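*Asks:* Please find the sequence and the predicted model below.
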Amino acid sequence: MPQRQGSILVSSTPAPGSTVAAPVNELKLRFEPPARLDEVTVQGPDGLMPMMVHAVGEVADYSLPVPGLRAGSYTVNWKATQGGETHQGSFAFTAK
């Protein structure tokens, strides 16, 4: 069985550690290999925002509308399933 290296989340917009212009209206996630996104929450100045996810199977790209995230620091937590295994992680970005 091959050893898994790193996260199956290979990119996001906003990118981890980035500073972007506010407001942020969309969160994009790319998984490799493709995965079923089960749960996403965004923690920011307005508290914890759980997001509705309607995964239709294991896909690579997700585009999630967010409610105009204003200036502040945000942490995105995600959980996904790929090949029967659960993966999870988080990343942070700043909106100015």
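*Replies:* Great, that's in hand.
*Asks:* show me what contacts G72?
*Replies:* Going by CB atoms under 8 Å, 6 or more residues apart in numbering, G72 touches 22, 44-45, 94-95. Just so you know, the C-beta spots here come from the backbone N, C-alpha and C atoms, and that holds for glycine as well.
*Asks:* any idea which of those residues is closest to A71?
*Replies:* Among those, A22 lies closest to A71 (CB to CB), at 4.4 Å.
*Asks:* you'd agree the closest one is up against R70?
*Replies:* Yes - contact criterion CB atoms under 8 Å: A22 and R70 qualify, at 5.4 Å.
*Asks:* Please enumerate the shared neighbours of these two.
*Replies:* With CB under 8 Å, 6+ apart, A22 and R70 have common neighbours A95.
*Asks:* Now the buried members of the contacts of G72.
*Replies:* Neighbour-count burial (16 or more other CB atoms under 10 Å) applied to the contacts of G72 gives 44, 94-95.
*Asks:* just checking, which of these belong to strands?
*Replies:* Using DSSP state E, 44, 94-95 are the members of the buried ones among the contacts of G72 that sit in strands.
*Asks:* quick check, nearest of the residues you listed to T86?
*Replies:* G44 (24.8 Å).
*Asks:* Can you tell me, leaving aside adjacent residues, what's nearest to the closest one?
*Replies:* Computed as CB to CB, 6 or more residues apart in numbering, the closest residue to G44 that is not its neighbour in sequence is Y74, at 4.2 Å.
*Asks:* now do V42
*Replies:* M49 is the one closest to V42 (CB to CB, 6+ apart), at 4.6 Å.
*Asks:* how close does the one you found get to P34?
*Replies:* Applying CB to CB, to the nearest Å, the value for M49 to P34 is 25 Å.
*Asks:* For S90, name its beta-bridge partners.
*Replies:* N77 (DSSP bridges).
*Asks:* List the residues that contact it.
*Replies:* 75-78.
*Asks:* swap the cut-off to 10 Å and go again
*Replies:* 7, 9, 16, 41, 43, 75-79 (CB atoms under 10 Å, 6 or more residues apart in numbering).
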